[in-house]
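Asker: whatever this is, show me its structure:
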Amino acid sequence: MTKRITLLITSVIFALTTIGSAFAVTLKASHQWPGTPRADGSYDVRHEMVQIIADEVAKAKVDLEIRVYPAKSLYKPKEQWKPMTTGQLDISAFPLAYAAKFHPEFDITLMPGMVKNHKHALRVNKSPMMDEIRKIMDDAGVIVLSDAWLAGGFASKTKCIKNPADAKGQVMRAAGKAFNQMLAAAGAGIQKMPSSEIYTGLQTGVLTGANTSSGSFVSYKIYEQVKCATPPGKFGLWFMYEPILMSKKNFNALNEKQQKALMKAGKKAEKYMTKQAAGLDKTFEKAYKDAGVELAYMDQDDFNAWLEIAKKSSYKNFADKVPTGQKLIDMALAVK
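Answerer: Alright, predicted model coming up:
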């Protein structure tokens, strides 16, 4: 009798184990960028990063599947943060400054002139300032799978924007509060919207100019609506932290093999982004040149003029309004 019971229990355990392994865990990954190829066959690098993670996890065969929902088909761009903190959304390629209304410290990740170039961005990733930002994310219930910084520039329907005087009278879109404050201080009007709405904003006359990443300038075909563009060039006024993030709650619910596969895939996506980063700026230049858009470039004097306005507006406001603001600014500026 005892032997029969033992055999029965063993059979049940085996059956449950078999059933459990037959059903893979499915995660949902959301982002705002197109999931379809551009005219040249390339994809937005942020979509590629998420897809790399999905593909690598599938190859690992750890009963884990990631379904990618591009082009804001699952969540609107700025509505992704809270669902990640609660576990309603698993993964997102997410510009962190979009969540600054919940954690104002995040505006440091889109602060004018704070990141100088792509190599400097890699050093910033390893800095105490970013350790502070990651701790805030972790405490909120979100972890980082892949770090990513994108450079960006300006574009306008009316004139080239190189220095603050060029922005005066423009109606501009910028990604975050710090750039909005700097542009307003330069005399520009501000319209708030995600990068996915810039094209329509320019088309309908709501905007005359915009400030966004090199990748978004190309993916959203903004070259069809503007007269002149200012790529990053040698002076990186605009750098934005756009990592691949995951719900901490949902990550912790996975088994160890699944967690390791995700982190390994995230590192591969991050390495891919690092290799692609500078090339995105060249792609920006080529796409706009091919479309007949005039290209302009900042020089040192232009950059310094922007920085002076930023210090009196964005930097000051951040230091005054965010309890740890000045500390974060000092930590960021300490990265050489």
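Asker: name the nearest residue to Lys82, ignoring sequence neighbours.
Answerer: Once flanking residues are discounted, Lys82 sits nearest to Phe102: 7.4 Å by C-beta to C-beta, 6 or more residues apart in numbering. For every residue, glycine as well, the C-beta is placed using N, CA and C.
Asker: which strand or helix spans that neighbour?
Answerer: Counting by DSSP states H and E, no helix or strand carries Phe102.
Asker: dump the C-alpha coordinates for the longest strand along the chain into PDB.
Answerer: Ranked by number of residues, the top strand in the chain under DSSP state E is strand 149-156. Output in PDB follows, covering the C-alpha atoms of strand 149-156 (Å, rounded to 0.1, in the frame of the first residue of the first chain):
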ATOM      1  CA  TRP A 149      21.800  56.900 -24.500                       C
ATOM      2  CA  LEU A 150      20.700  58.600 -27.700                       C
ATOM      3  CA  ALA A 151      22.000  61.900 -29.100                       C
ATOM      4  CA  GLY A 152      19.700  64.300 -30.800                       C
ATOM      5  CA  GLY A 153      19.400  67.800 -32.300                       C
ATOM      6  CA  PHE A 154      17.000  70.400 -33.700                       C
ATOM      7  CA  ALA A 155      14.800  70.700 -36.800                       C
ATOM      8  CA  SER A 156      12.600  73.600 -38.000                       C
END
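Asker: check which element follows it along the chain.
Answerer: Criterion used, DSSP H and E; the element after strand 149-156 is helix 164-167.
Asker: adjacent strands (with direction) for the helix or strand that that next one is followed by?
Answerer: Using DSSP H and E, the helix or strand that follows helix 164-167 in sequence is strand 171-173. Here strand 171-173 has these sheet partners by DSSP bridges: strand 189-190 (parallel), strand 209-213 (parallel).
Asker: and of these, who's closest to Lys76?
Answerer: Lys76 sits nearest to strand 209-213 of all these, at 16.8 Å, using C-beta to C-beta.
Asker: which residues sit against that closest one?
Answerer: Under the criterion C-beta atoms under 8 Å, 6 or more residues apart in numbering, residues 150-158, 161, 167, 170-175, 179, 183, 188, 195, 198, 201-202, 222, 226, 238, 240, 242, 280 lie in contact with strand 209-213.
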